[in-house]
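Engineer: Take this sequence and fold it.
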Amino acid sequence: MVLGSYTFGEGPMGLTLQDADDPQTGAKKVFVAAIDPQSAAGKFSTLEVGDVLNTAGSEDLRGLDFAHVMTIIQAQKRPLTLTFSKPLAPTPAINSQGGSYTFGEGPMGLTLQDADDP
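Structural biologist: Sure thing, here's the model as predicted:
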């Protein structure tokens, strides 16, 4: 999982957060729904819409519902560091009947990466 930590001082962060259930695990997650480009968050070039919020300060937010996450964030003192991860790509359905695939000559256009590698 790719992680990024971003520290916010006083004033609006410029983030719109939203909650959802993770389609793979069913766990609650809070993610970035929008970033105001003129805000503190807009200055972080690697923070993107879709990034999943993991921590606020030393508080682990993973699996918590939206209201609980917002209560924790609002109770934190500034400067506040929020840690995010990039969402994992959805796992494709597996063909349970098996099958074989033949690739012709030349590049396949595939990039293989372990989900735990950055």
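
Engineer: tell me the mean pLDDT over stretch 39-48?
Structural biologist: Taken as a whole, stretch 39-48 has a mean pLDDT of 95.

Engineer: Could you work out the end-to-end span of that stretch for me?
Structural biologist: 13 Å (CA to CA, to the nearest Å).

Engineer: Report the buried residues of that stretch.
Structural biologist: Across stretch 39-48, burial judged by 16 or more other CB atoms under 10 Å covers 40-41, 44, 47. All C-beta spots, glycine's among them, are computed from the backbone N, C-alpha and C.

Engineer: Could you do stretch 18-30 as well?
Structural biologist: Quick answer for stretch 18-30 (16+ other CB under 10 Å): 19, 28-30.

Engineer: what about the helices in the protein?
Structural biologist: In the chain, the helices defined using DSSP state H lie at 66-75.

Engineer: Could you list the low-confidence segments of it?
Structural biologist: The chain contains residues with pLDDT under 70 at 1-2, 89-118.

Engineer: if you set the cut-off to 80 instead, what comes out?
Structural biologist: 1-2, 23-24, 88-118 (pLDDT under 80).

Engineer: my guess is residue 76 contacts residue 55, does it?
Structural biologist: No - Residue 76 sits out of contact with residue 55 when judged by CB atoms under 8 Å, with a separation of 10.4 Å.

Engineer: re the thing from before, so of the buried residues of stretch 18-30, which ones are in strands?
Structural biologist: 19, 28-30 (DSSP state E).

Engineer: Closest one of those to residue 84?
Structural biologist: For these, the residue nearest residue 84 by CB to CB is residue 30; the value is 9.8 Å.
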